[in-house]
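# Coordinates for the following, if possible.
(one chain, ligands or ions: 2)
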Amino acid sequence: MSDRRALITGITGQDGSYLAELLLDEGYQVFGMVRRASTESSERIAHLAGRVTLLQADLLDQFSLVGALEEARPTEVYNLAAQSFVPTSWRQPVLTAEFSGVGVTRMLEAIRMVDPSVRFYQASSSEMFGKVPEAPQNELTPFYPRSPYGVAKAYGHFITVNYRESYDLFAVSGILFNHESPRRGLEFVTRKITDGAARIKLGLADELRLGNLDAKRDWGFAGDYVRAMLMMLRHHEPTDYVVASGEEHSVRDLVELAFEHVGLDPERHVRVDPAFVRPTESDRLVGDASKARRELGWEPRVSFREMVEMMVDADLARLGERHDVTV
Ligand code: NAP
Ligand code: F7E
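Residues are numbered from 1 along each chain as shown. Ligands and ions are numbered 1, 2, ... in the order given. Now for the predicted structure:
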């Protein structure tokens with residue numbers, strides 16, 4: 001039996017599912033933390049049933065975290081669980097702070113109590129940069145978060161750094177820029193667009209309503225980004241890394257690419273709806289991952305175009321038709 005044991009919080013999410021696959025391939029025993037729900041929320045890891053051990057716990061409940069660590073006895077903990085949808089953080093700012101901010105401290109305290117030799121990964125976010133003084137952003141760029149989510153993540157980042165420095169824990173913060181996949185939640189803009197383009201192509205819908213088309217993001221493929229998490233915990237020294245493609249695209253660019261892939265004109269179908277415009281916006285996020293490339297040897301393998309086309313094709317297939325469209 002492998003002596004590499006990993007506990008993933010947020011295993012039912014997009015990143016958790018890709019990370020679990022990667023760690024299993026690497027020979028780890030994988031434990032996943034799940035919170036109780038009245039219906040199953042494990043669709044993304046259904047194909048891993050029997051290969052991962054699920055443990056019930058919640059980031060809001062300190063003792064449940066201690067219990068999960070005592071049961072799994074992990075050598076590595078990947079803290080991916082969070083309230084991760086930025087617009088929800090204005091509707092539920094306190095809950096977002098509890099999950100995505102203070103929840104990190106609860107997990108770090110549980111690690112100190114159960115086994116301080118555990119290596120800890122914190123899922124930090126480019127949303128911490130917010131209103132940026134420079135582009136691209138790197139590990140030294142100051143944070144100016146523009147959403148309650150970004151504020152909560154900045155707390156999670158700094159408490160990770162502080163516990164590393166206070167208690168000599170092997171704790172790292174991965175500052176990941178947007179990463180997407182066919183497993184992305186339907187409310188995030190990439191998936192909303194690829195699902196929307198597929199629905200319109202198949203005659204299931206006629207229009208797609210979006211918010212700010214001018215926002216710019218640095219979008220990569222989730223499968224590439226979870227590899228960086230593993231590399232950070234395998235590195236000889238705990239330190240923080242930006243993970244990004246280094247390319248920026250606007251939401252408008254993404255719309256054009258997705259619609260072009262199915263042979264549709266976005267002008268005829270896409271409408272701007274103020275309901276999707278945020279109270280404050282991170283206008284331009286683009287990352288400089290040279291530290292991760294240099295020290296970890298990390299490189300993304302899937303391009304922006306490949307990722308968008310992969311997502312459109314997956315949505316077309318899911319919605320019931322093979323992608324044999326002539327464009
Ligand atoms: P996701 O798909 O929304 O998954 C979030 C996960 O967190 C789900 O498994 C969810 O469980 C779990 N969770 C939420 N609240 C919890 C709680 N109180 N206790 C236990 N589990 C809880 O998010 P993702 O895209 O995979 O992102 C993974 C992490 O990376 C998140 O922390 C996110 O903020 C961060 N991040 C993401 C990106 C990105 O572009 N994807 C970029 C930077 C950072 P349920 O299934 O029960 O809801
Ligand atoms: O928005 C604009 C929106 O919700 C991207 C999370 O994983 O990445 C993600 O956060 C951009 C924003 O992602 C719509 O205003 C326009 O500028 O896909 P998103 P996000 O807010 O960047 C970071 C790194 C994380 O850490 C987060 O967990 O797209 N936009 N129209 C729209 N966004 C949405 N959702 N819906 C629209 O209709």
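
# switch to C-alpha atoms for all contacts and neighbour counts from now on
Noted.

# Can you report how many residues lie near residue 138?
Residues lying near residue 138 (other Cα atoms under 10 Å) number 21.

# correct me, but it touches residue 288?
Yes: Residue 138 lies in contact with residue 288 (Cα atoms under 8 Å); the separation is 5.2 Å.

# which residues do those two both contact?
residue 242 (Cα atoms under 8 Å, 6 or more residues apart in numbering).

# all strands of the stretch 51-200 of the chain, in order?
In the stretch 51-200 of the chain, the strands defined using DSSP state E, counting those that start in this stretch lie at 52-56, 76-79, 119-125, 170-176, 179-180.

# got the CA coordinates for the fourth one in CSV?
What follows is strand 170-176, C-alpha atoms only, in CSV (Å, rounded to 0.1, in the frame of the first residue of the first chain):
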residue,chain,number,x,y,z
PHE,A,170,5.0,23.1,4.9
ALA,A,171,2.1,25.3,3.7
VAL,A,172,1.9,26.8,0.2
SER,A,173,-0.5,29.1,-1.5
GLY,A,174,-1.1,28.6,-5.2
ILE,A,175,-2.3,31.8,-6.8
LEU,A,176,-4.2,30.3,-9.7
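
# Who does it pair with, and is each partner parallel or antiparallel?
The pairing partners recorded for strand 170-176 under DSSP bridges are strand 119-125 (parallel), strand 241-243 (parallel).

# could you give the mean pLDDT of stretch 209-220?
Taken as a whole, stretch 209-220 has an average pLDDT of 98.

# got the contact list for stretch 71-80?
By Cα under 8 Å, 6+ apart, stretch 71-80 touches 4-11, 15-16, 31, 104, 117-123, 233.

# Does ligand 1 have contacts with it?
Yes: against ligand 1, stretch 71-80 shows contacts by Cα under 6 Å from any ligand atom at residue 80.

# For the stretch 201-327 of the chain, what lies in contact range of ligand 2?
For the stretch 201-327 of the chain, the contact set with ligand 2 under Cα under 6 Å from any ligand atom comprises 210-213, 215, 251, 276-277.

# Looking at those, which are in helices?
Counting by DSSP state H, these place residue 251 in helices.

# And the helices in the chain?
For the chain, the helices defined by DSSP H cover 14-25, 62-72, 88-91, 93-96, 103-114, 148-167, 189-201, 222-234, 251-261, 290-291, 304-318.

# and whichever residue of the stretch 151-300 of the chain sits closest to ligand 1, what are its phi and psi?
Taking Cα to the nearest ligand atom, ligand 1 has its nearest neighbour within the stretch 151-300 of the chain at residue 178, 3.3 Å off. Main-chain dihedrals, residue 178, degrees, to the nearest 10: phi -50, psi 130.

# where does the stretch 1-150 of the chain have low pLDDT?
Scanning the stretch 1-150 of the chain with the threshold set as pLDDT under 70 gives 1.

# Flag every residue of this structure that's near ligand 1.
10-16, 34-35, 41, 58-60, 80-84, 99, 123-125, 176-179.

# Drop anything exposed from those residues.
Among the residues of the chain next to ligand 1, the ones that count as buried by 16 or more other Cα atoms under 10 Å are 10-16, 34-35, 58-60, 80-84, 99, 123-125, 176-179.

# who in the stretch 1-150 of the chain is up against ligand 2?
Those residues of the stretch 1-150 of the chain that sit near ligand 2, judged by Cα under 6 Å from any ligand atom, are 84-86, 125-127.

# any idea how far residue 226 is from the residue nearest to the residue of the stretch 151-300 of the chain closest to ligand 1 when sequence neighbours are not counted?
Leaving aside its chain neighbours, residue 178 sits nearest to residue 219 (5.0 Å; criterion: Cα to Cα, 6 or more residues apart in numbering). Distance of residue 219 to residue 226, computed by Cα to Cα, to the nearest Å: 14 Å.
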